[in-house]
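S.K.: Can you look at this prediction? I've put the sequence above it.
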Amino acid sequence: MAKTGKYFRLSEQAVQMLEQRDRLKYPHEVDLIEAGILAADGQKQNSEELLCEIRQELRELRQLVVDKKSEEDYPLPRL
C-alpha cells in the first residue's frame, strides 16, 4: 500500500506518548500512529460483530419468553 504524507496537530499528551513509544516495536512515530488507527478499526469491527451476536441472542430469548408465556396461557399436557 502506498504511503501518503499527512500532518496533524496533536495534544501535548499525544506527543509525549509518541516520544515514549517502544522504539523496538515502533521505530518511527508513524508506525505507532498507524498501528493505533488499524487497531481501533479492528476493535470497531469486533464490536459490531459482538453486537450482532447479542442482538441474535436477545431475539432468541424473546422468542423463548413468548413460547413460555404461550405454554402458561395454554398449558400442554405432559407426556
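M.R.: Noted; the coordinates are in hand. Residues are numbered from 1 along each chain as shown.

S.K.: now this protein, which segments are flagged as low pLDDT?
M.R.: For the chain, the stretches with pLDDT under 70 are 1, 44, 74-79.

S.K.: Find the centremost residue of it, please.
M.R.: Centroid-nearest residue in the chain: Ser47, 2.6 Å away (criterion: CA atoms, centre = their mean).

S.K.: Just name whatever secondary elements whichever helix or strand that one is part of is in contact with.
M.R.: Secondary structure from DSSP states H and E places Ser47 in helix 29-73. On a contact count with 3 or more CB pairs under 8 Å, 6 or more residues apart in numbering; DSSP states H and E, helix 29-73 meets helix 12-19. In this view, the C-beta of every residue, glycine as well, is placed from N, C-alpha and C.

S.K.: and Cys52, what does it touch?
M.R.: With CB atoms under 8 Å, 6 or more residues apart in numbering as the criterion, no residue contacts Cys52.

S.K.: one step back: what angle separates the helix holding Ser47 from helix 12-19?
M.R.: Helix 29-73 and helix 12-19 are oriented at 110 degrees to each other (axes from the mean of the first three to the mean of the last three CA atoms, to 10 degrees).

S.K.: give the contact list for Leu64.
M.R.: Contacts of Leu64 by CB under 8 Å, 6+ apart: none found.

S.K.: Can you classify Tyr26 by secondary structure?
M.R.: coil (DSSP: H, G, I helix; E, B strand; the rest coil).
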